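> Pasting the sequence and the predicted coordinates here, then a few questions.
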Amino acid sequence: MTHFRQSTRSQLPAYQYVYGDKTASGVCLQNTTDYSPFGVPLDGRTIENDFYRRGFNGMEKDDEVKGLGKSYDFGARMYDSRVGRWLSVDELTEKYPGTSCFSFVGGNPIRAIDPNGKEIIITESFNKGTGKTVIKIELVGKVVFDFLTTTKSLNEKQIYVDNLNTKLMEFYSQSFENMDVVFISNMKIGTKEDIEEKDHIIYSMNLHTGVESKGFDKTVGGFVTGIGSKKAFFSFNIYDYSTPIHEIGHWLGLFHPKDIANNLSNYGITNEITWEDKKYDYNEVIKLFSSANFMHHQGDTKFAGVNKPTFDEMQVEIIQGVNSIKGLNQGTNQKTGNLIQELENAPSNSRAEHKNNEIVSKKLDNN
């Protein structure tokens, strides 16, 4: 007999299936579990014929003391699914003064996830006072200065990081007609030795001087290594912060508007684009975005002369959509080559591309 396992992870409701013993008559189901929103296995909907160490949200079970599926190891903390509470204090408590330090995903497991017991990445709530939906996005990571060819003082580094956090929060925190976006940037000074896998990493570098930059485009002030990735390279000499704001948009899963139009066709720019058996004029796609939208490429004629870039409400929906299909936080954050190699080796993210296309085409249909 052929033995194999397959497990699937989703947010909630979270299902996990484990199969075994493939025979001529089919597959003998060994394990299956349906969960409540906070992770308790549901009575009558759980089968466990052999031990599988992972459970709710793919986390490792700790069944020895409390029983099946009642305690999970999220890495940073232990979680009790019976009460929906952590068993230790959140190390980031000071950042969430209005939330209990033992609360799992802010008490809202339908809208939020906590992949390691440390962070709530994207949450959605409703403000009764304003009647608006509130989307909270938090960026956590480090800025690494180890590869600069010129020495910078600790004060210079801190000013760089503080300004970066401030500019990102000022731009991405926006109020729309039916929605408010609260963006929290919590980038800190780091070194190449203390990079953690979960971190988003910005390498501050002399992009246009030194051996690493030989042959690198002199007009580029920075770049990320893919849509939905977690590694970026920015010049230490930042003047208006438009480049980091734009590139962080790629971290959040956003494409250039013109690239979305291109992606809707497998053959590049055409006057008429076919997407899922529907036809659109190329200009229809571009018109969905304001001419001042911050994700237009700096070299686009459409963006020329724009002094104050804008953030469109549809892009918030795209960010949520890419996050929902686990299209963010992808790839390595380790520096793996010189600048040209980093650009050449940047992976594609077809999941993020598809979600951008899906939401844009839906918007076109509603217009």
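It's in.
> hang on, isn't residue 358 packed against residue 321?
Yes. If you go by C-beta atoms under 8 Å, residue 358 and residue 321 touch, sitting 7.2 Å apart. To be clear about C-beta, it is placed using only N, CA and C from the backbone, and glycine gets the same treatment.
> Of the two, which one has the most company?
residue 321 (19 against 15; other C-beta atoms under 10 Å).
> Looks to me like that one is in a strand.
No. Counting by DSSP: H, G, I helix; E, B strand; the rest coil, residue 321 is located in no strand; its state is helix.
> Strands along the stretch 251-367 of the chain, start to end?
272-275, 278-281 (DSSP state E, counting those that start in this stretch).
> Just the CA atoms of the first one, as PDB, please.
If I follow you right, that is strand 272-275. C-alpha atoms of strand 272-275 as PDB (Å, rounded to 0.1, in the frame of the first residue of the first chain):
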ATOM      1  CA  GLU A 272      -8.800  45.100 -26.200                       C
ATOM      2  CA  ILE A 273      -8.100  42.900 -23.300                       C
ATOM      3  CA  THR A 274      -9.700  39.500 -22.700                       C
ATOM      4  CA  TRP A 275     -10.000  38.400 -19.100                       C
END
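> Pull out the buried residues from it.
273, 275 (16 or more other C-beta atoms under 10 Å).
> before we move on, what about the last one?
By neighbour count with 16+ other C-beta under 10 Å, strand 278-281 contains the buried residues residue 280.
> Compare the strands of the stretch 251-367 of the chain and say which comes out lowest on pLDDT.
Among the strands of the stretch 251-367 of the chain, strand 272-275 carries the lowest mean pLDDT, a mean of 75.
> And that strand, how far out from the chain middle?
Centroid displacement of strand 272-275 relative to its chain, using C-alpha atoms, centre = their mean, to the nearest Å, is 28 Å.
> Run through who's touching it.
For strand 272-275, the external contacting residues (C-beta atoms under 8 Å, 6 or more residues apart in numbering) are 261, 264-265, 279-282, 285, 357, 361.
> Mind checking which of these are buried?
With burial judged by 16+ other C-beta under 10 Å, the buried subset of these is 261, 264-265, 280, 282, 285, 357, 361.
> Which residues are in contact with residue 367?
So residue 367 contacts 284, 288 (C-beta under 8 Å, 6+ apart).
> Distance of it relative to residue 264?
Counting by C-beta to C-beta, to the nearest Å, the separation of residue 367 from residue 264 is 15 Å.
> do residue 172 as well
With C-beta to C-beta as the criterion, residue 172 and residue 264 are 26 Å apart.
> quick one: residue 280 and residue 130, what's the gap?
To residue 130, residue 280 is 35 Å away according to C-beta to C-beta.
> quick one: least confident of the buried ones among the contacts of strand 272-275?
residue 265 (63).
> how near is residue 335 to residue 308?
34 Å.
> Who has more neighbours out of the two?
Ranked by neighbour count (other C-beta under 10 Å), residue 335 and residue 308 place residue 335 first, with 21 against 6.
> And the furthest pair within the contacts of strand 272-275?
281 and 357 (15.7 Å; C-beta to C-beta).
> Please tell me how far the residue lying closest to residue 154 once chain neighbours are set aside sits from residue 251.
Computed as C-beta to C-beta, 6 or more residues apart in numbering, the closest residue to residue 154 that is not its neighbour in sequence is residue 189, at 7.7 Å. Note on residue 189: its distance to residue 251, by C-beta to C-beta, is 19 Å.
> more crowded one of those two?
Neighbours were counted for residue 189 and for residue 251 using other C-beta under 10 Å; residue 251 has more, 24 against 16.
> who touches that one in this structure?
139, 200, 224, 228-230, 232, 328.
> Could you do residue 188 as well?
Per C-beta under 8 Å, 6+ apart, neighbours of residue 188: 141-143, 161.
> quick check, it in a helix?
No. According to three-state DSSP, residue 188 belongs to no helix; its state is strand.
> quick one: it from residue 164, how far?
Residue 188 is 11 Å from residue 164, by C-beta to C-beta.
> Give me the distance between residue 361 and residue 252.
Residue 361 is 20 Å from residue 252, by C-beta to C-beta.
> make that residue 53, sorry
Distance from residue 53 to residue 252, by C-beta to C-beta: 33 Å.
> about what we covered before: tell me which of the strands of the stretch 251-367 of the chain approaches residue 342 most closely.
strand 272-275 (31.3 Å).
> Sheet partners, orientation included, of the closest one?
strand 278-281 (antiparallel) (DSSP bridges).
> Between residue 188 and residue 164, which contacts overlap?
residue 143.
> Let me know whether residue 221 touches residue 236 as I believe.
No. Counting by C-beta under 8 Å, residue 221 sits too far from residue 236 to count as a contact (10.6 Å).
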